[in-house]
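S.K.: quick one: sequence plus predicted model below, questions after.
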Amino acid sequence: MATVGFIGLGVMGGRMAGHLAKAGHSLQVYNRGRAKAESWVAEHGGTVCDSPVAAAEGADAVISCVGNDDDLASVTLGRDGAFRAMKSGSVFVDHTTVSAKIARQLSVEAKGLGLMSVDAPVTGGEIGAKNGTLTLMCGGTEKAIAAATPLMEAYSSRIVHVGAAGAGQTAKMCNQVAFAGTIQSLSEALRLAQAAELDLDRVFEAISGGAAGSWQMTNRWATMVKDEFDFGFAVDWMRKDLGLALDEARANGATLPVAALVDQFFAEVQALGGGRQDTSAIVRRLPRHKHS
């Protein structure tokens, strides 16, 4: 069993760390809000640390799941960053959705210190984190992925090595771009069915099994019908992710017209006070019209 430094015990990180503890690994955890770390240790065992560098001390691997590029840079390269204490030959795995640029930077920094680095953003949501069935999109060397895989298997059901450093993050951007278009078109389909006064359960039954079927339709149609949005992946986070994708596209020449449009639709939902609501709240910006 390994000694793992785990940094970031939010909705996703706390669940992932819990699976590692359940698998028998020894965890040294750090969270910006200490109370959350203490609560996690009370439930799962392990050690609460006062800084990322303390969490990395003597660890075989360090795993992070924080908020954004700045947070990630701070917990790795900052004055109390984990890279200051990680031992040569150990592996760093980041599950934060961040830019491909910082993932590539961390890979270079890690290599210079004799460390291995993996960027491994996730998809599968809180349910996937709870059940240990996340999909991980990984960037890094074959050696780094091989070192990280036995740990990542504790909380995932699919681990895909996409390519070199940064490729995992870029694949996550592709996921979010596809997801954004799907939730918008699903919203339009729902409003069309409502305007036509169709039986919405029958509509779902009819279209969910064919070419229009998607995870979004299966998991969000019923809640969208009920105007229930206070759960799931927040609009605020989706805008962050789409911003990363649009920035990357500007850098590599890709064109993302639908993603850019849907990003502005999500901005409208934020203006309606729905920033913390699930992304399916995008349907709120489409008026309901009854057939006359």
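M.R.: Good, I have the coordinates.

S.K.: list the residues that contact the nearest residue to Q169 once chain neighbours are set aside.
M.R.: In space, and not counting its chain neighbours, Q169 is closest to A100: 4.3 Å by CB to CB, 6 or more residues apart in numbering. Heads up, the C-betas are built off the backbone N, CA and C, glycines and all. Neighbour list for A100: D119, G139, G166, A167, Q169, T170, M173, E248 [criterion: CB atoms under 8 Å, 6 or more residues apart in numbering].

S.K.: likewise for V75?
M.R.: Counting by CB under 8 Å, 6+ apart, V75 has contacts I7, G8, Y30, P52, S64, V66, G81, A82.

S.K.: G45 reaches V29, doesn't it?
M.R.: No - here G45 lies out of contact with V29, judged by CB atoms under 8 Å, at a distance of 10.1 Å.

S.K.: number of nearby residues for D71?
M.R.: A count of neighbours around D71, defined by other CB atoms under 10 Å, yields 18.

S.K.: repeat that for E197.
M.R.: E197 has 9 nearby residues by other CB under 10 Å.

S.K.: name the helices or strands packed onto the worst-scoring helix or strand of the chain on mean pLDDT?
M.R.: Sorting the helices and strands of the chain by mean pLDDT, DSSP states H and E puts helix 125-131 at the bottom, at a mean of 93. Judged by 3 or more CB pairs under 8 Å, 6 or more residues apart in numbering; DSSP states H and E, helix 125-131 is in contact with helix 11-22.

S.K.: state the mean pLDDT of the helix or strand that the helix it packs on is followed by.
M.R.: Next along the chain after helix 11-22, taking DSSP states H and E as the criterion, comes strand 26-30. Strand 26-30 shows a mean pLDDT of 98.

S.K.: packing partners of strand 26-30?
M.R.: Applying 3+ CB pairs under 8 Å, 6+ apart, one finds that strand 26-30 makes contact with strand 3-7, helix 11-22, helix 34-44, strand 47-48, helix 52-56.

S.K.: paired strands for it, with orientation please.
M.R.: strand 3-7 (parallel), strand 47-48 (parallel) (DSSP bridges).

S.K.: can you say which of these is nearest to L190?
M.R.: strand 3-7 (39.4 Å; CB to CB).

S.K.: ok, and what's touching that closest one?
M.R.: The contact list for strand 3-7, computed with CB under 8 Å, 6+ apart, reads 13, 16-17, 20, 25-31, 49, 52, 55-66, 75, 82, 151.

S.K.: taking helix 34-44 as reference, get the angle to it.
M.R.: 140 degrees (axes from the mean of the first three to the mean of the last three CA atoms, to 10 degrees).

S.K.: report the angle between strand 3-7 and helix 11-22.
M.R.: 170 degrees.

S.K.: what mean pLDDT does strand 3-7 get?
M.R.: Mean predicted lDDT for strand 3-7 stands at 98.
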